[in-house]
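Asker: one predicted model, sequence on top.
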Amino acid sequence: MKLFSNARRILQQYFGFSTFRPGQEAMIKHVLNGQNALALMPTGGGKSLCYQIPGLIMDGTALIISPLISLMKDQVDALNALEISATYINSSLSHAEQRERLDNLQAGLYRFLYIAPERFESREFMDVIRSIPLSLIAFDEAHCISQWGHDFRPSYRSITSTLQQIPNLPVTIALTATATDAVIRDIQQILSITPEDTVNTGFARENLHFQVLKGIDKTDFILQYIQSHEKESGIIYCPTRKVTDRIYQLLDERGLKAARYHAGMSEVARQQAQSDFIQDEATIMVATNAFGMGIDKSNVRYVIHYALPMNLESYYQEAGRAGRDGEPSQCYLLFAAQDIQLQRFLIERSFMDEQNKEREYEKLQAMANYGHTDRCLQQYILAYFGEDVEELRCGRCSNCNDEGEKEDRTREAQMILSCVKRMGERYGATITAQVLKGSKNKRVLELGFDRLSTYNLLPHYTEKTIVNWIHYLLADGYLYIQDPKYLNLALTPKANDVLKGEALVWIRQQAEESQATREFDDELFDHLRALRKQIADEQLLPPYLIFSDATLRDMCRFIPETTQQMLGIKGVGEKKLEQYGNTFMKAIETYVAKYGKPNRAETRSATRIKDRENPSHLVTYQLFEEGRSLEEIAAERELTEQTIENHLFQAYRDGHPLDWSLFFTEDTEQLILQKHSELTEKRLRPLKEALPDELDYTTIKAALVKNGHM
């Protein structure tokens, strides 16, 4: 009990928190009692404190096994910033540097040592480890141990036999944010962890807003979203290096602060890109899935997936890099059916054996179902990880907030299910839709499906609509894929109730996807963030290691005037107070003396109030309708004129009228729209027949008038 009272003191003194997060207290008690333990917590749930606090209490050095060099560096930087002795040993160091750190380790100079699993293959390293007292061994990203995990690494699994060579083997702790039931059982067996010593807080992230967007121009969405969130930090995940390079170039050409990261770049270039992102030199990271594991950047406000990931484990881990500070953050999946085919191609071309390929096909189908489901998206994810969340509705995701009404589609569902049955449960969604549509497709006729009683039952619907309904029935458990390689549909027991008329099927109408509104930071927050960046640059640290965005927001909210009040701010402990407290309090005091004490929304400018109430592009549109010029709006909103133009184009697409003559310039005889090639083609498509090849001012204006656009 005395040891645990020390834990509470350390939590406050070093990390600035007065209470533990869910699961942390139980895990720390297991470790202090010498029991091997497993922690299942969401990204940003504070897993690292589960071994860092015991490591500060117990005698000896804590070994932290970590999968990536970048993860080790971030963790070590964070501990060193708190004046806690920590280091890492990995391939980024020369042999002389490794030898120096091993000597320091043997001399007892480190409380924490971060290492890659391959380090245990070094005799030199093992000789030192066997000669020193160890407080604990922690497996970070522990799903890498399991052969059922989405990121299985044989080197992780082989460590367990090597550990038996260490005399007086200390307590072992495993931590992960993504683990299915099969992965959990595997980790427990390998590391001798009982269910009683497993702490599962659930994987829910209540600050994340999950959005699935279908049928949109992906590039168009990314440009508009980022240009209306220029000050916010975000990640765009792309499926290939080629797409990554294209999106990066697109952003770079528009003067946006972007970096890119993929395996085709040199190690030096990747490290520089990561450093720029961590240091807030670049606000946007465009990357493949090679980027991000363990990146402890707390102020990522959005994660956009350009295409469907291969499985839900990867998606949830990558999306979970948003909002690690607990602040509301957006997770967008830009969904298109062809993305599934790309992932199937990658699985098929992999070097996995057939059993593993089949497992990956099943995971991919679960990921595809996420894109089609009508359920709460958070509920769907948590159910995948084995949580009982039948009644959950997060109230934040695109499904929960979809205003489209649900329609009774029981009759259509019965026709689809009956057709699947009559086709022998041996065929996929496309040909099933063709049969129901009454297609004269050669294959439909060759197979004799035109003679089925279900042929041509849905002639008034498009094949695409019927396929969408089939995907819904898959996603919500009426159908399943019998053979994941060939995608043949089959009925589940749940389908029988529908066929018998004992259960209804309600499917939501496809409403226009809405974009999340942006909550603008107030002026004091920007002031403190600039101060944080200045200090971080001087100390060569990532800004979030000074204070997180959540901590800065609390400072803006409560305006601490004394050291005691500053200690009451979440994330400000005694160490941080000693290092930075007075600097930030003086900055707040100076700001208040100059501008007065902020009173939440009451002292913000009218524009800021509008910003909080409306999507950013509609705020711009309202100012434009009031007669402001583009230059005036850009100055007031602290945005570029190009961004203001894009806002107005977006408002026009939303159905708001615009006087297009204001966008013409007689001198150049060009539309401003032509500066935005992606938008131009889309906007002028309805006028294609009326416009000549040469886009001159007079002809375009006449065509716009004729077609009712002016």
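Answerer: Yes, it's here.
Asker: just give me the neighbour total for residue 262.
Answerer: Close neighbours of residue 262, defined as other C-beta atoms under 10 Å, add up to 22. Placement of C-beta: from N, CA and C, glycine included.
Asker: how about residue 342?
Answerer: Residues lying near residue 342 (other C-beta under 10 Å) number 15.
Asker: could you say which helix or strand holds the residue lying closest to it once chain neighbours are set aside?
Answerer: Residue nearest to residue 342 in three dimensions, not counting chain neighbours: residue 239, with 6.0 Å by C-beta to C-beta, 6 or more residues apart in numbering. Assigned by DSSP states H and E, residue 239 falls within no helix or strand.
Asker: of all residues in the protein, which one is nearest the centre?
Answerer: Nearest residue to the geometric centre of the chain (C-alpha atoms, centre = their mean): residue 319, 1.5 Å.
Asker: hmm, back to that, for the residue nearest to residue 342, which residues are in contact?
Answerer: When contacts are counted by C-beta atoms under 8 Å, 6 or more residues apart in numbering, residue 239 touches 288, 306, 307, 308, 339, 342, 343.
Asker: tell me the mean pLDDT for stretch 130-147?
Answerer: Here stretch 130-147 scores 89 as its mean pLDDT.
Asker: okay, buried residues for that stretch please.
Answerer: Within stretch 130-147, the residues that count as buried by 16 or more other C-beta atoms under 10 Å are 132, 134-146.
Asker: per-residue confidence at the closest residue to residue 205 other than its chain neighbours?
Answerer: Take residue 205 and drop its neighbours on the chain: the residue closest to it by C-beta to C-beta, 6+ apart is residue 42, 5.0 Å away. Residue 42 is assigned 82 on the pLDDT scale.
Asker: got it, and residue 564?
Answerer: So, for residue 564, pLDDT stands at 81.
Asker: repeat for residue 526
Answerer: With respect to pLDDT, residue 526 scores 82.
Asker: and the one 10 residues further on, by the same measure?
Answerer: pLDDT, the model's per-residue confidence, is 88 for residue 536.
Asker: ends of stretch 372-381, how far apart?
Answerer: One end of stretch 372-381 sits 13 Å from the other (C-alpha to C-alpha, to the nearest Å).
Asker: could I get the average pLDDT for it?
Answerer: For stretch 372-381, mean pLDDT is 90.
Asker: strands of the stretch 401-550 of the chain, start to end?
Answerer: Here the stretch 401-550 of the chain has its strands, by DSSP state E, counting those that start in this stretch, at 406-408, 479-483, 488-491, 506-508.
Asker: by mean pLDDT, show me the worst of those.
Answerer: strand 406-408 (a mean of 78).
Asker: buried stuff in that one?
Answerer: Buried, per 16+ other C-beta under 10 Å, within strand 406-408: nothing.
Asker: what packs against it?
Answerer: Applying 3 or more C-beta pairs under 8 Å, 6 or more residues apart in numbering; DSSP states H and E, we find strand 406-408 packed against strand 506-508.
Asker: what pairs with the strand it packs on, parallel or antiparallel?
Answerer: Applying DSSP bridges to the sheet, strand 506-508 is found paired with strand 406-408 (antiparallel).
Asker: quick one: distance of the partner strand to the chain centre.
Answerer: Here strand 406-408 is found 31 Å from its chain centre; the criterion is C-alpha atoms, centre = their mean, to the nearest Å.
Asker: I'd assumed residue 19 was in contact with residue 49.
Answerer: No. Counting by C-beta atoms under 8 Å, residue 49 sits too far from residue 19 to count as a contact (11.9 Å).
Asker: ok, the two, which is more surrounded?
Answerer: residue 49 (21 against 10).
Asker: excluding residues flanking it in the chain, which one is nearest that one?
Answerer: Excluding the flanking residues, the one nearest residue 49 by C-beta to C-beta, 6+ apart is residue 24, at 5.6 Å.
Asker: what residues are bridge-paired with residue 172?
Answerer: Beta-bridge partners, per DSSP bridges, of residue 172: residue 137.
Asker: for residue 597, give me the pLDDT.
Answerer: pLDDT for residue 597: 71.
Asker: cool, and residue 605?
Answerer: pLDDT for residue 605: 32.
Asker: likewise the one 10 residues further on?
Answerer: The model reports residue 615 with a pLDDT of 60.
Asker: ok, longest helix in the chain?
Answerer: helix 354-372 (DSSP state H).
Asker: who touches the helix or strand that it is followed by?
Answerer: Where DSSP H and E defines the elements, the next helix or strand beyond helix 354-372 is helix 377-384. Outside of helix 377-384, the residues within contact range by C-beta under 8 Å, 6+ apart are 180, 202-205, 208, 210-212, 312, 316, 366, 369-370, 373, 389-390, 392-394, 396-400.
Asker: go on, stretch 155-169?
Answerer: Applying C-beta under 8 Å, 6+ apart, the set of residues contacting stretch 155-169 is 65, 67, 116-118, 120-121, 126, 129-130, 133-134, 137, 139, 144-147, 172, 190-191.
Asker: if we use 10 Å, what do you get?
Answerer: 60, 63, 65, 67, 115-121, 126, 129-134, 137, 139, 141-147, 149, 153, 170, 172, 186, 190-192 (C-beta atoms under 10 Å, 6 or more residues apart in numbering).
Asker: buried ones in that stretch, by neighbour count?
Answerer: Under the neighbour-count criterion of 16+ other C-beta under 10 Å, stretch 155-169 has 156, 157, 159, 163, 166 buried.
Asker: what's the overlap in contacts for residue 49 and residue 19?
Answerer: residue 11.
Asker: so who does the spatially closest residue to residue 102 that is not a sequence neighbour touch?
Answerer: Counting by C-beta to C-beta, 6+ apart, residue 128 is the residue found nearest to residue 102 once chain neighbours are left out, at 5.0 Å. Applying C-beta under 10 Å, 6+ apart, we find residue 128 in contact with 89, 99, 101, 102, 103, 105, 106, 113, 122.
Asker: secondary structure element holding the fifth one?
Answerer: Spelled out, that is residue 103. Judged by DSSP H and E, residue 103 forms part of helix 95-106.
Asker: pLDDT of that helix, averaged?
Answerer: What helix 95-106 shows for mean pLDDT is 93.
Asker: helices or strands next to the helix or strand that it is followed by in the packing?
Answerer: Using DSSP H and E, the helix or strand that follows helix 95-106 towards the C-terminus is strand 112-115. Secondary structure elements in contact with strand 112-115, counted by 3 or more C-beta pairs under 10 Å, 6 or more residues apart in numbering; DSSP states H and E, are helix 49-57, strand 61-65, helix 69-81, strand 86-89, helix 95-106, helix 123-129, strand 134-139.
Asker: redo that, cut-off 8 Å
Answerer: Applying 3+ C-beta pairs under 8 Å, 6+ apart, we find strand 112-115 packed against strand 61-65, helix 69-81, strand 86-89.
Asker: now do the longest one, average pLDDT.
Answerer: Spelled out, it's helix 69-81. Helix 69-81 comes out with an average pLDDT of 83.
Asker: buried residues, it. List them.
Answerer: Of the residues in helix 69-81, those buried (16+ other C-beta under 10 Å) are 69, 70, 71, 72, 73, 74, 75, 76, 77, 78, 79, 81.
Asker: got the angle for it vs strand 61-65?
Answerer: Put simply, helix 69-81 runs at 150 degrees to strand 61-65, going by axes from the mean of the first three to the mean of the last three C-alpha atoms, to 10 degrees.
Asker: what does helix 69-81 contact?
Answerer: Contacts for helix 69-81 (C-beta under 8 Å, 6+ apart): 48, 52, 64, 66, 85-88, 90-92, 112, 114-116, 140-141, 274, 278, 293-296, 539, 541-542, 545.
Asker: neighbours around residue 170, how many?
Answerer: By other C-beta under 10 Å, the residues close to residue 170 number 20.
Asker: need the contact list for it.
Answerer: Applying C-beta under 8 Å, 6+ apart, one finds that residue 170 lies in contact with 60, 134, 135, 136, 137.
Asker: I'd like to know how far the spatially closest residue to it that is not a sequence neighbour sits from residue 356.
Answerer: Computed as C-beta to C-beta, 6+ apart, the closest residue to residue 170 that is not its neighbour in sequence is residue 134, at 4.5 Å. Separation of residue 134 from residue 356 (C-beta to C-beta, to the nearest Å) stands at 35 Å.
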